[in-house]
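Engineer: I need the structure of the sequence given here:
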Amino acid sequence: MTVLCTFFACVQSPAPKPVKTQRSLQTVAATRPEQRPVPAPPKEVRKRAKKKPKRSRSKRRRQRMRSIMKRFQSLSPVVVSDRRSFQPLPPRRQRLWQDLLEQAGGWAARARGEQDRRFASVLARWLEDQLALEQRQFSRDKELELATWEMIRFCAARGEVENLRLTVLEQRLTWPLRQVVVTSFFGPRKNPFGKGERQHEGIDLAAAVGTPVFAIAAGRVTRARTTGGYGRMVEIDHGKGLVSRYAHLSSSDLRPGDVVTAGSQVGETGQSGRVTGPHLHLEVRLKGAPVDPLLLAGWRSPP
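Structural biologist: Okay, here's the model as predicted:
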């Protein structure tokens, strides 16, 4: 009986709990497995779009001129046939031609470099083709006809002649008028007083009578008198073979031997000599040979 009581007492008594041993934080950290940083997912490699090379200013002008040519062809189609019909040129078509000639002249005056020289030849041939097609269908105004042929010759000259860079002067050239509007270009043109063609050795600038005329550069006056078809003319020697002439003047106070500076007043425009209306004839000669003033570099407005 005593044995049974002892047995039941042992079974009912709770078993002793094991004593927990405390480990230092260093020991716990040492037992943990080394955790390596999880690599970030690879970012999508974006292909950078190659930057297009910037187009030069002259290239943009050529492309703009090509778009003008295409627009002109689309707005003014010409019926090509063997039969000619001389209808009067419609006013709308005449305005298209005037705008085209103005754009072509503005481009050709700023043409620079070999590519512009080639495109100027293409533009001259294209204008001549458009004129030949139109002459089979319409009768054109004489003034528009003359302006078209002058523009063709001007573009052809820019395509054949290298750009002349003026290096004989240290200072830049000054335009003889405050507002430059070219009415007749350098080169061969139809004789305004008769039949055939004649060489135009300068450019004509539109100006009313009495408009001030300025010297293009410093120099000495070598001639100041009435000279044949030039009318009242002033000639200035700028040195190193460069000479400028200002013709069809109405008045001038300069005398041979006077010294002028760039931008100083030479005289006033008029219509003396052999002219069809008031304008200024500007002529530039380099070592005795006439040079297209529009090909000279470094023009600036008068002060």
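Engineer: Contact partners for residue 159?
Structural biologist: 117-124 (Cβ atoms under 8 Å, 6 or more residues apart in numbering). From N, CA and C alone the C-beta is placed, and that goes for glycine too.
Engineer: where do the helices sit along this protein?
Structural biologist: 2-12, 25-31, 57-75, 91-109, 113-135, 142-160 (DSSP state H).
Engineer: ranking the ones you listed by burial, who's on top?
Structural biologist: Among those, the stretch with the highest mean neighbour count (mean count of other Cβ atoms under 10 Å) is helix 142-160, at a mean of 19.
Engineer: Please write out the alpha-carbon positions of that helix in CSV.
Structural biologist: This file holds the C-alpha atoms of helix 142-160, laid out as CSV (Å, rounded to 0.1, in the frame of the first residue of the first chain):
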residue,chain,number,x,y,z
LYS,A,142,6.7,92.3,-120.8
GLU,A,143,7.8,93.4,-117.3
LEU,A,144,7.3,89.9,-115.9
GLU,A,145,9.1,88.4,-118.9
LEU,A,146,12.1,90.7,-118.3
ALA,A,147,12.1,90.0,-114.6
THR,A,148,12.0,86.2,-115.2
TRP,A,149,14.9,86.3,-117.6
GLU,A,150,17.0,88.5,-115.3
MET,A,151,16.3,86.0,-112.5
ILE,A,152,17.3,83.1,-114.7
ARG,A,153,20.6,84.8,-115.6
PHE,A,154,21.2,85.8,-112.0
CYS,A,155,20.8,82.2,-110.7
ALA,A,156,22.9,80.9,-113.6
ALA,A,157,25.7,83.3,-112.7
ARG,A,158,25.6,82.3,-109.0
GLY,A,159,26.0,78.7,-110.2
GLU,A,160,28.9,79.3,-112.5
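Engineer: average model confidence for that helix?
Structural biologist: The pLDDT scores in helix 142-160 average 79.
Engineer: try stretch 177-195
Structural biologist: Here the average pLDDT along stretch 177-195 is 78.
Engineer: Repeat that for stretch 293-303.
Structural biologist: 76.
Engineer: Mind listing what's buried along it?
Structural biologist: The neighbour-count check on stretch 293-303 (16 or more other Cβ atoms under 10 Å) flags 293-296, 302 as buried.
Engineer: okay if I get the contacts of residue 159 as TSV plus distance to residue 74?
Structural biologist: TSV is the format used below for these (distance: Cβ to Cβ, whole Å):
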residue	distance to residue 74
117	27
118	24
119	20
120	23
121	23
122	19
123	17
124	21
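Engineer: Now do the contacts for the closest residue to residue 291 other than its chain neighbours.
Structural biologist: Spatial nearest neighbour of residue 291, chain neighbours left out: residue 284 (5.0 Å); criterion: Cβ to Cβ, 6 or more residues apart in numbering. Taking Cβ under 8 Å, 6+ apart, we find residue 284 in contact with 202, 216, 242-245, 290-293, 296.
Engineer: repeat that with 6 Å
Structural biologist: Going by Cβ atoms under 6 Å, 6 or more residues apart in numbering, residue 284 touches 244, 291, 293.
Engineer: For residue 66, see how far away the closest residue to the last one other than its chain neighbours is.
Structural biologist: Taking Cβ to Cβ, 6+ apart, and ignoring the residues beside it in sequence, residue 293 has residue 284 as its nearest neighbour in space, at 4.8 Å. With distances defined as Cβ to Cβ, to the nearest Å, the gap from residue 284 to residue 66 amounts to 32 Å.
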